[in-house]
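[1] Sequence plus predicted model, see below.
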2 protein chains.
Amino acid sequence: MAHLSPEDFRREAHEVVDWIADYLADIRSYPVLPNIQPGELTDKLPQAGPDAPESIERIMTDFSRLVAPANTHWNHPRFHAYFSVSASGAGILGEMLTAALNVNAMQWKTSPAATELEQVTVSWLRQWLGLPGEFFGMIHDSASIAVMHAVAAAREQACPEVRKRGFEPNLILYVSEHAHSSIEKSAMTLGIGCDNVRRIATDAHMAMDPAALSRAIDADRRAGLRPFAIAATIGTTSFTSFDPVAEIADIAEREQVWLHVDAAYAGPAAMLEEMRPRFAGWERADSIIVNPHKWLFTPVDCSLLYTRKPEVLKRAFEIDRPAYLAAAEHPRAVNFSEYGLALGRRFRAIKLWFVMRSYGREGISAILRNHLRWARELAGEIRADSSFEVIGDTPFSLVCFRYRGSDEENRQLVERVNATGKLFLSGTMLQGRFVIRLAIGNVATTKADLDLAWSTIRQCVPEIASQARG
Amino acid sequence: MAHLSPEDFRREAHEVVDWIADYLADIRSYPVLPNIQPGELTDKLPQAGPDAPESIERIMTDFSRLVAPANTHWNHPRFHAYFSVSASGAGILGEMLTAALNVNAMQWKTSPAATELEQVTVSWLRQWLGLPGEFFGMIHDSASIAVMHAVAAAREQACPEVRKRGFEPNLILYVSEHAHSSIEKSAMTLGIGCDNVRRIATDAHMAMDPAALSRAIDADRRAGLRPFAIAATIGTTSFTSFDPVAEIADIAEREQVWLHVDAAYAGPAAMLEEMRPRFAGWERADSIIVNPHKWLFTPVDCSLLYTRKPEVLKRAFEIDRPAYLAAAEHPRAVNFSEYGLALGRRFRAIKLWFVMRSYGREGISAILRNHLRWARELAGEIRADSSFEVIGDTPFSLVCFRYRGSDEENRQLVERVNATGKLFLSGTMLQGRFVIRLAIGNVATTKADLDLAWSTIRQCVPEIASQARG
């Protein structure tokens, strides 16, 4: 049996659903980080693909016996490394339908449902985030790709000739020293060059210093260079600090440069009135990124790019439409592929629509508030333990802390904790010191999970302490 | 009920599976192209997202009542426009698991299973395609994004300083006049500029003329410009013509420029010994793209980039690894995000693994052979009808033909046919004339579907003829 008939599919898919439901039910029994060596899975798999068809049963057996145990379980409620993400049940259902329809949402005509559901869901989320109606939105796969589009639009605004002529020297982009590496990668990709990305100093709260930004722009202008864009961050990757966007927006306006706001992780928190002050000024940005696949319970990949200048974004990627892509013009028929590099686009709006409707604004808000409260509470517990210190003021749902010991001891502590399989932590360098990061964001995480996480961390301390003595 | 428990998910997911199985069973009852006006779906959906949670049952009701009927059914066996694609049952099962695991395959450590299964599946497919072992492979979302990476690597090879310094004037890229628009978009994105993309003339078979290519490179060198890459195509979008890659590889070698081969659509046909001659020389390319989401029964998105120079590709996107992405070095631990722009990457290998194992090399080969044979047979039937002419020699599974009438009548014929809902055709311009394209590639397409397609096309002829008279 090579090709599955619809009835074959039905039978096998029910089996797969049961596997997934069991996985979600038992997920805490998996070690978050697998105990595996590089190459171990490869060595267990055949070196060549099969000549003859194999049954789904056999593939699923290998999946559960070999692949799942070699997996780092990002959907585990105690995955606290990097940023904690979720494939909620509603989101998984959406992905199932996306796979079945298999739409390429390149033009309205090729995908009226995909195009319009994308418009509708990004508009719904825009309203929940408190952003004004002039923002045009679209869904990208990852924030790295989305920010490349934002910077391309900024480049287009500064030098419309770059699209045809290519090179354009001396364009300068400003970010804080805590900005995400994808912005530097975008500059590299776009031919701006990473030497032309200025990393502006931050203050004690790890927020961009607007005075330093102003000085850097002045210095570059005096040197004959061409400032063209500022990328501010609300919710930096290392620490979730937030740049003073309102002040930066004043500078961007005065200097007439593009203002991009990276809120890939923290964006959903703008749904909460009490968190809005941290987003003050972002409504003045030229472009904004928010990732529902980070803190909005939507499976990867789903990164939203909003811009108030869609015509500039479109021009940045404008080509003479090839004959095989002929499309009628209609004011309400948006062809999303014209606003970016990729022609092919998945129908990613379904999962976002499922998540937004299934939880509702109130359901999502309640979960985000839990995450924020638990982060503050955990920070309080950590502060209360004299062996530890908390770094900063826990602006969102990430707790940054240190064991009061050397960087090496902190690194070892993370390794010990991760080796228990009970949770997964990551680390970073902040102000010259190694810092432990515990990110909260999975939709299934409970307070009990966090209690277990914290008690596990404490239990691992004697081990590193004894090692340090020994 | 906002958050679905694993048991809620199980119940709802079984319902969704039944919807999908019914959809696949009844798919021929849907009009391929929906009869809908721009804005029609939007107007039926609420202008704002819901405050309170809604049940999955209610969301699914709206999905089947509003969204599915507004969908262009890419998975329909008589979707013959653009390129015909498939979400096979096996591929959908793979996507379900990808959604549930929700892995970000950025580093080996964050995703040993995703990283190694990606390595294994791209190696299996490489062997099936007859490509040598020195090709490194990885999965991207779309060919547009993948080709941007290939051209970025070519740029890096020509000017390693571009990554830091940015602009680099006078880099010239060569494609045939039938190359895909994504290559031009890549040049635009990368700061090469579309003016610096040379469109080389093609011969009667719509294949790039190597002599014209040589002359263009010579002329550019004499003008002080810097040829850096040639992108050849096997299976062009309009006509599926194939450039003479072996001869082009000689030129690339002599000129010391990067050779990219776009086989996004036709690539899988290299699995068939009898088709290998059309791929002669591609094994000498620096980079190759093959899209399993086109003609290999894998749901979008899944585009494979192979390169024999992974170290150049990696250097093109090299940054100082940020502290929050610390990773141990190990010769067998590949961090795929270091080979491209995107940090976040879905676990796309599962669906490809399911498809390759479920069909096996023999199962896939048999289906590809059917598609190729049916295309030749259909071309024969069209040729036998004196009202029609076939364009060219049907190199792969796309039939290009014309009604013997004006361009306008041919456009009308496509519209009439598409309005029946029975099939979906697209058109293009070839050698100055409008041409109808009928692409075969869906895994569920049968000879009976193609018979119905052809009879529907013939039935629509009197309508346009009478309109022309009236």
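    Structure received.

[2] Quick one: the strands in chain A, in order.
    Secondary structure of chain A (DSSP state E): strands at A:136-140, A:171-176, A:197-200, A:226-233, A:258-262, A:287-290, A:303-307, A:388-390, A:398-403, A:426-430, A:433-439.

[3] In terms of secondary structure, what does the fifth one contact?
    Read that as strand A:258-262. helix A:143-158, strand A:226-233, helix A:245-255, strand A:287-290 (3 or more CB pairs under 8 Å, 6 or more residues apart in numbering or on different chains; DSSP states H and E). No exception for glycine: its C-beta is placed from N, CA and C like everyone else's.

[4] Parallel or antiparallel, list what pairs with that strand.
    Partners of strand A:258-262 in the sheet, by DSSP bridges, are strand A:226-233 (parallel), strand A:287-290 (parallel).

[5] Any chance of those in CSV with mean neighbour count and mean pLDDT as columns?
    As requested, these are arranged in CSV below (neighbours: other CB atoms under 10 Å in any protein chain shown; pLDDT from 0 to 100):
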stretch, mean neighbour count, mean pLDDT
strand A:226-233, 27, 98
strand A:287-290, 30, 98
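
[6] Tell me which of these lies nearest to A:Ala439.
    Ranking the strands paired with strand A:258-262 by their distance to A:Ala439 (criterion: CB to CB) puts strand A:226-233 first, at 15.8 Å.

[7] ok now that closest one, how far from the chain's centre?
    Here strand A:226-233 is found 20 Å from its chain centre; the criterion is CA atoms, centre = their mean, to the nearest Å.

[8] Skipping adjacent residues, who's closest to the residue in the stretch 151-300 of chain A that chain B sits nearest to in space?
    The minimum distance from the stretch 151-300 of chain A to chain B, using CB to the nearest CB, falls at A:Gly191 (2.1 Å). The spatially closest residue to A:Gly191, leaving aside those adjacent along the chain, is B:Gly191, at 2.1 Å (CB to CB, 6 or more residues apart in numbering or on different chains).

[9] ok so, going back, which one of the strands of chain A is the most hemmed in?
    With neighbours defined as mean count of other CB atoms under 10 Å in any protein chain shown, those peak in mean count at strand A:287-290, which reaches a mean of 30.

[10] Okay, domains of chain A per the record?
    Using automatic domain parsing, the domain parsing of chain A gives A:104-346, A:354-469.

[11] Which of those domains has the highest mean neighbour count?
    Each of those was scored by mean neighbour count; the highest is domain A:104-346, a mean of 22, by mean count of other CB under 10 Å.

[12] first to last residue in that one, what's the distance?
    Between the opening and closing residues of domain A:104-346 we find a distance of 6 Å, counting by CA to CA, to the nearest Å.

[13] repeat for stretch A:438-449
    12 Å.

[14] Ok, stretch A:34-51 next?
    The first and final residues of stretch A:34-51 sit 31 Å from each other (CA to CA).

[15] Mind checking if that stretch is in reach of chain B?
    Yes: applying CB under 8 Å from any CB of the partner chain, one finds stretch A:34-51 in contact with chain B at A:34, A:36, A:38-42, A:45, A:47-51.

[16] picking that back up, among the strands of chain A, which gets the worst mean confidence?
    Averaging pLDDT over each of the strands of chain A singles out strand A:426-430 as the lowest, with a mean of 94.

[17] That strand and chain B in contact?
    Yes: counting by CB under 8 Å from any CB, chain B is contacted by strand A:426-430 at A:Ser426, A:Gly427, A:Thr428, A:Met429.

[18] What residues are bridge-paired with the nearest residue to A:Arg411 once chain neighbours are set aside?
    Computed as CB to CB, 6+ apart, the closest residue to A:Arg411 that is not its neighbour in sequence is A:Phe434, at 6.0 Å. Each beta-bridge partner of A:Phe434 is listed here: A:Met429, as defined by DSSP bridges.

[19] now for the longest helix that chain A contains, which elements pack on it?
    Counting by DSSP state H, the longest helix found in chain A is helix A:349-383. Packed against helix A:349-383, as judged by 3+ CB pairs under 8 Å, 6+ apart, are the following elements: helix A:89-101, helix A:112-128, helix A:292-295, strand A:388-390, strand A:398-403, helix A:447-469, helix B:56-62.

[20] angle of it against helix A:447-469?
    Here the directions of helix A:349-383 and helix A:447-469 differ by 50 degrees (axes from the mean of the first three to the mean of the last three CA atoms, to 10 degrees).

[21] What score does A:Gly360 have for pLDDT?
    In this model, A:Gly360 is scored at 98, pLDDT.

[22] so it sits right up against B:Asp51, yeah?
    Yes: in terms of CB atoms under 8 Å, A:Gly360 counts as a neighbour of B:Asp51; the distance is 5.6 Å.

[23] Now the closest residue to A:Glu134 other than its chain neighbours, what are its backbone angles?
    The spatially closest residue to A:Glu134, leaving aside those adjacent along the chain, is A:Arg308, at 5.1 Å (CB to CB, 6+ apart). Taking degrees, to the nearest 10, you get phi -90, psi 0 for the backbone angles of A:Arg308.

[24] For the residue of the stretch 251-400 of chain A found nearest chain B, which non-adjacent residue is closest in space?
    Closest contact between the stretch 251-400 of chain A and chain B, by CB to the nearest CB, is at A:Gly363 (3.3 Å). Take A:Gly363 and drop its neighbours on the chain: the residue closest to it by CB to CB, 6+ apart is B:Ala2, 3.3 Å away.

[25] just checking, that neighbour touches A:Arg361?
    No: the pair B:Ala2 and A:Arg361 fails to qualify as a contact (CB under 8 Å) at a distance of 10.6 Å.

[26] possible to save the residues of strand A:426-430 next to chain B as TSV with distance to A:Arg226?
    Compiled in TSV, the residues of strand A:426-430 next to chain B are given as follows (distance: CB to CB, whole Å):
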residue	distance to A:Arg226
A:Ser426	37
A:Gly427	38
A:Thr428	33
A:Met429	32
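
[27] ok, which pair from the residues you listed is furthest apart?
    A:Ser426 and A:Met429 (11.7 Å).

[28] which residues are in contact with both of these two?
    With contacts taken as CB atoms under 8 Å, 6 or more residues apart in numbering or on different chains, not a single residue reaches both A:Ser426 and A:Met429.

[29] Which residues are in contact with A:Arg346?
    Each residue near A:Arg346 by CB under 8 Å, 6+ apart is listed here: A:Thr98, A:Val103, A:Asn104, A:Ala105, A:Asp141, B:Asp141, B:Val300, B:Asp301.

[30] Out of the residues you listed, flag the one nearest to B:Lys422.
    For these, the minimum distance to B:Lys422 (CB to CB) is 19.1 Å, reached by A:Val103.

[31] quick one: low-confidence ranges for chain A?
    For chain A, the stretches flagged by pLDDT under 70 are A:1, A:465, A:467-470.

[32] if you set the cut-off to 80 instead, what comes out?
    In the prediction, chain A carries residues with pLDDT under 80 at positions A:1-2, A:167, A:321, A:323-328, A:465-470.

[33] how many neighbours does the nearest residue to A:Pro69 once chain neighbours are set aside have?
    In space, and not counting its chain neighbours, A:Pro69 is closest to A:Pro34: 6.1 Å by CB to CB, 6+ apart. Here the number of neighbours of A:Pro34 (other CB atoms under 10 Å in any protein chain shown) works out to 20.

[34] which residues does A:Arg10 contact?
    Listed by CB under 8 Å, 6+ apart, the contact set of A:Arg10 reads B:Val17, B:Asp18, B:Ala21.
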